[in-house]
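Colleague: Have a look; sequence and predicted model below, questions after that.
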Amino acid sequence: MSRFGIAHAAIAVLFLPGLAKGAELIADGHFDKRQDTFWASDGLAFARENGRLCVEVARGGEAWSQLIGTNGLKLEPGRIYRLSMRVIAEPARSVQARVQRAADPWTMVDEFTMEGTPEGSLFSAEFAGQEPDEAQLVFPLGGGEGGRVCLDDVSLVATGASSPAARRAAEGPAIRVNQLGYLTDGPKRATFVADAKQPIDFRLLDSADRIVGKGKTQPHGFDPTAGVETQVADFSAFKTPGDGYRLVSGDWASDRFSIGEDLYTRLRVDALSWFYPQRSGIEIRGAIAGKAYARSAGHVGVAPNQGDKAVPCLGGAQAEALYGGWSCSYQLDVTGGWYDAGDHGKYAVTGALAAAQLLAAYERGLTFAPKSAVMRDGLSRIPENGNGLPDILDEARWELEFLLRMMVPDGEPLAGMVHHKIHDTAWTAAPMLPGDDPQPRALYRPSTAATLDVAAVAAQGARLFAEHNPTFSARLLSAARKAWVAANANPALLAPKSDGFGGGGDYDDDSISDELFWAATELYLTTGNGEYLKTLRASPLWEADVFSPGGAFNWRDVAGFARLQLALYGRALPAVDQETIRNSVLTSAQHLLSLQQAEPFGIVYRPNERRYDWGSNQLMLQNIVVLSAAYDLSGDRVFLDGAREGMDYILGRNAMGLSYITGYGSRSPQNQHSRWYARQRDPQLPNPPVGSLAGGPNSTFVDDIARERLRGCAPQTCYVDDIEAYGSNEIAINWNAPLVYVASFLADAR
């Protein structure tokens, strides 16, 4: 039995007549007519008693080791259903209910937690159907203390309504395109949201609405992630540059788009320039960032700020509850760096990866595109223009200097370790400019993950700054080595899952094998020291499949990024190791392409159960980074084309018909979650800057806006452009950094 499925041989069945017709989908949910179709997993004793279905649950085991359920549920995509029942449990306990596909891969439609009591408690909830395949209702009962669970009055009915969230997929143009445009020699595909079963004729019009191309779509069927029927139009053969193109079919018309060679040049600039107004500890000048973004320096010890010149460690009851009494007697100057996202916190783990991807974009240009503008002084809108250093290195240095300040000083306990984060001790109100933040600030306990991440990015920076600033390069390498030693002396100092006090994100991480792998990778690439290579070879990640189609890497799992670094820049590795690592990247990239070919929206992303994760847009971008690396390693244009088409989704070829990059395309987010880009809350404040990437659809409803507006959404439509929707609509440094990398790659790769 898989986690989400039941082998037929392991089922005991009570009666098997067909389901009753009509709106009620549960046959005899009152359990008084002996006409139910409920089953139980092997060895689970269950029976009908006094109009109830009762089961004796054994203690322990896994939740999915003891199941009851019913199959044969036909759910219409987008239609709202109401599930209700009475739950009796002795002793009282929580009972899980899950509606899911009735066959592999057991894709979840929705799940619920019900409270069972000896007296019986009523439960009712609504959800939306997501795909036409037969579904089942299951109750995983194992894993607890055991006892008796009974169900009564189980009902599943269609309400007659369709999901507002599901309907949103049909609100945009019926023809979804990359609203920025298509590269002249690249793939050019669009997605039709249409119920038609036969191919649809379409025409390509130029800016004067003259017909310049014709074709037929290819039916692609129902897309469960979008909740709609789809067809795909391919007009890749058309290669005439120009602006104002659109696709039409009957009364349908797409947004206008361009075809050309330099579509991503401006995006590279804007995505990189986004980091300047995100800086902490510096005045943001309107002449550089734009008048609307001018503000005073944040957190430089000027009232009402209480940081970041001399920040103490978290103490008192909070430190006792969180760390068992850890604190420190020193204060640190941790000015500078970037504000992580929409609040005023600064985090070593996200900051290290974000800085690393900016450095990686530079190193990629240096190695594979020697004429790239990514190496230019004057590329972005920053005050360091004209200092002789490439702007992307200037921007990365702003974060690197902060990360070095986060190290525990010599002579102190845990010297050389890196504090996991620094942020307010309580959440601030919104809107709130950084310079107006009145909250006390605190350093949180160092962590092994943060220390290894800083060791990695400092070693990487040392390699890339060596030519431009040997003194800074030496500082970075010294810090990297110190952090490496400290982390290995404290290999299990983990960031806890929840501090329970607010003021900032947890960024918890209970596994540091990937951080160790990344740190050893960068130290080896920079120094050539064989001891680091020994560490790499001893790691289980050396030969593991480290790339998940649900996101090749992220701040919590950096092994994939390390693998790419070894593949692209490990030229000193023995030839056999180079070949093995190179092949692992190519194999994973081929797998991503095979998944993309099955996606009607050209997506390079396959999360578990097709449920979109927090930051889904950046996870897609990280998968595109893998495709870009495969192209750089092989020169095979299939990987280049896959990367190009993967950006279609980000720029408008998606179920929402929305470009997720502010200022790009016909429709883009304007209200991402931020305390200072908060025009939705205060008309005197600006919207997020052009080039801001929204986090993207998120199937987990972590904020009130999502819980109110998105229940029942198909995964691609679990998004709303609202400043309070931080679960799907935040901005973040570790999201814009891969956007810089991908935009730079697409601007240069030919």
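Modeller: Received, thanks.
Colleague: Dump the C-alpha coordinates for the host helix or strand of residue 456 into PDB.
Modeller: When elements are assigned from DSSP states H and E, residue 456 belongs to helix 448-465. Extracted C-alpha coordinates of helix 448-465, given in PDB (Å, rounded to 0.1, in the frame of the first residue of the first chain):
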ATOM      1  CA  THR A 448      24.800  25.400  11.800                       C
ATOM      2  CA  ALA A 449      22.800  26.000   8.600                       C
ATOM      3  CA  ALA A 450      23.400  29.800   8.600                       C
ATOM      4  CA  THR A 451      27.100  29.300   9.400                       C
ATOM      5  CA  LEU A 452      27.600  26.800   6.500                       C
ATOM      6  CA  ASP A 453      25.600  29.000   4.100                       C
ATOM      7  CA  VAL A 454      27.800  32.000   4.900                       C
ATOM      8  CA  ALA A 455      30.900  29.800   4.600                       C
ATOM      9  CA  ALA A 456      29.600  28.800   1.100                       C
ATOM     10  CA  VAL A 457      28.700  32.300  -0.200                       C
ATOM     11  CA  ALA A 458      31.800  33.900   1.300                       C
ATOM     12  CA  ALA A 459      34.100  31.300  -0.400                       C
ATOM     13  CA  GLN A 460      32.200  31.900  -3.700                       C
ATOM     14  CA  GLY A 461      32.600  35.700  -3.300                       C
ATOM     15  CA  ALA A 462      36.300  35.300  -2.500                       C
ATOM     16  CA  ARG A 463      36.700  33.600  -5.900                       C
ATOM     17  CA  LEU A 464      34.900  36.200  -7.800                       C
ATOM     18  CA  PHE A 465      36.200  39.300  -6.100                       C
END
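Colleague: domains for the protein, by residue range?
Modeller: With domains defined by automatic domain parsing, the chain comprises 8-161, 167-260.
Colleague: quick one, phi/psi of the most centrally placed residue in the chain?
Modeller: Nearest residue to the geometric centre of the chain (Cα atoms, centre = their mean): residue 615, 2.6 Å. Main-chain dihedrals, residue 615, degrees, to the nearest 10: phi 70, psi 30.
Colleague: got the domains of the chain as TSV, with mean pLDDT columns?
Modeller: Formatted as TSV, the domains of the chain follow (pLDDT from 0 to 100):
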stretch	mean pLDDT
domain 8-161	82
domain 167-260	94
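Colleague: Mind checking these for the one nearest to residue 711?
Modeller: In terms of Cβ to Cβ, the element of the domains of the chain nearest to residue 711 is domain 8-161, at 7.0 Å. For every residue, glycine as well, the C-beta is placed using N, CA and C.
Colleague: from the middle of its chain, how far away would the lengthiest helix in the chain be?
Modeller: Assignment by DSSP state H gives helix 575-597 as the longest helix of the chain. With Cα atoms, centre = their mean, to the nearest Å as the basis, helix 575-597 stands 22 Å off its chain's centre.
Colleague: now swap in stretch 587-605 and tell me
Modeller: 17 Å.
Colleague: got the contact list for it?
Modeller: 176, 187, 189, 191, 220-221, 223, 225-226, 230-232, 545, 547, 549-552, 606, 616, 619-620, 623-624, 626-627, 629-630, 638-639, 642-643, 645-646, 648-649, 653-655, 716 (Cβ atoms under 8 Å, 6 or more residues apart in numbering).
Colleague: and what of stretch 562-576?
Modeller: Stretch 562-576 is contacted from outside by 360, 363-364, 367, 456, 460, 514, 517-518, 521-522, 524-525, 528, 533, 536, 541, 546-547, 577-578, 581-582, 584-585, 625-626, 629, 632-633, using Cβ under 8 Å, 6+ apart.
Colleague: Next step: those restricted to helices.
Modeller: Those of these lying in helices (DSSP H): 360, 363-364, 367, 456, 460, 514, 517-518, 521-522, 524-525, 533, 536, 577-578, 581-582, 584-585, 625-626, 629, 632-633.
Colleague: Separate out the buried members of those.
Modeller: The neighbour-count test (16 or more other Cβ atoms under 10 Å) applied to the ones in helices among the contacts of stretch 562-576 identifies 360, 363-364, 456, 460, 514, 517-518, 521-522, 524-525, 533, 536, 577-578, 581-582, 584-585, 625-626, 629, 632-633 as buried.
Colleague: which residues touch residue 372?
Modeller: For residue 372, the contacting residues are 365, 744, 747, 748, by Cβ under 8 Å, 6+ apart.
Colleague: With residue 289 instead?
Modeller: Per Cβ under 8 Å, 6+ apart, neighbours of residue 289: 273, 276, 277, 381, 689.
Colleague: Highest neighbour count among the residues you listed?
Modeller: residue 277 (26 neighbours; other Cβ atoms under 10 Å).
Colleague: got a pLDDT number for that one?
Modeller: Listed pLDDT for residue 277 reads 99.
Colleague: I figured it was touching residue 293, is that so?
Modeller: Yes: between residue 277 and residue 293 there is a contact at 4.6 Å, judged by Cβ atoms under 8 Å.
Colleague: mind exporting the longest helix of the chain as PDB, just the C-alpha atoms?
Modeller: The C-alpha coordinates for helix 575-597 follow below in PDB (Å, rounded to 0.1, in the frame of the first residue of the first chain):
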ATOM      1  CA  ALA A 575      37.600  13.700 -15.300                       C
ATOM      2  CA  VAL A 576      35.500  10.800 -14.100                       C
ATOM      3  CA  ASP A 577      33.900  13.000 -11.400                       C
ATOM      4  CA  GLN A 578      33.300  15.800 -13.900                       C
ATOM      5  CA  GLU A 579      31.500  13.400 -16.200                       C
ATOM      6  CA  THR A 580      29.400  11.900 -13.400                       C
ATOM      7  CA  ILE A 581      28.300  15.300 -12.100                       C
ATOM      8  CA  ARG A 582      27.700  16.700 -15.600                       C
ATOM      9  CA  ASN A 583      25.500  13.700 -16.500                       C
ATOM     10  CA  SER A 584      23.400  14.100 -13.400                       C
ATOM     11  CA  VAL A 585      22.500  17.600 -14.400                       C
ATOM     12  CA  LEU A 586      21.700  16.600 -18.000                       C
ATOM     13  CA  THR A 587      19.600  13.600 -16.800                       C
ATOM     14  CA  SER A 588      17.600  15.900 -14.400                       C
ATOM     15  CA  ALA A 589      17.200  18.500 -17.100                       C
ATOM     16  CA  GLN A 590      15.900  15.800 -19.600                       C
ATOM     17  CA  HIS A 591      13.300  14.800 -17.000                       C
ATOM     18  CA  LEU A 592      12.200  18.400 -16.500                       C
ATOM     19  CA  LEU A 593      11.800  18.600 -20.300                       C
ATOM     20  CA  SER A 594       9.700  15.500 -20.400                       C
ATOM     21  CA  LEU A 595       7.400  16.900 -17.700                       C
ATOM     22  CA  GLN A 596       7.200  20.200 -19.600                       C
ATOM     23  CA  GLN A 597       6.100  18.500 -22.800                       C
END
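Colleague: and it, average pLDDT?
Modeller: Mean predicted lDDT for helix 575-597 stands at 98.
Colleague: circling back: and the contacts of residue 372, which two are furthest apart?
Modeller: Within the contacts of residue 372, 365 and 747 form the most distant pair, 9.7 Å apart (Cβ to Cβ).
Colleague: can you pull out the helices in the stretch 351-500 of the chain?
Modeller: 391-405, 448-465, 470-489 (DSSP state H, counting those that start in this stretch).
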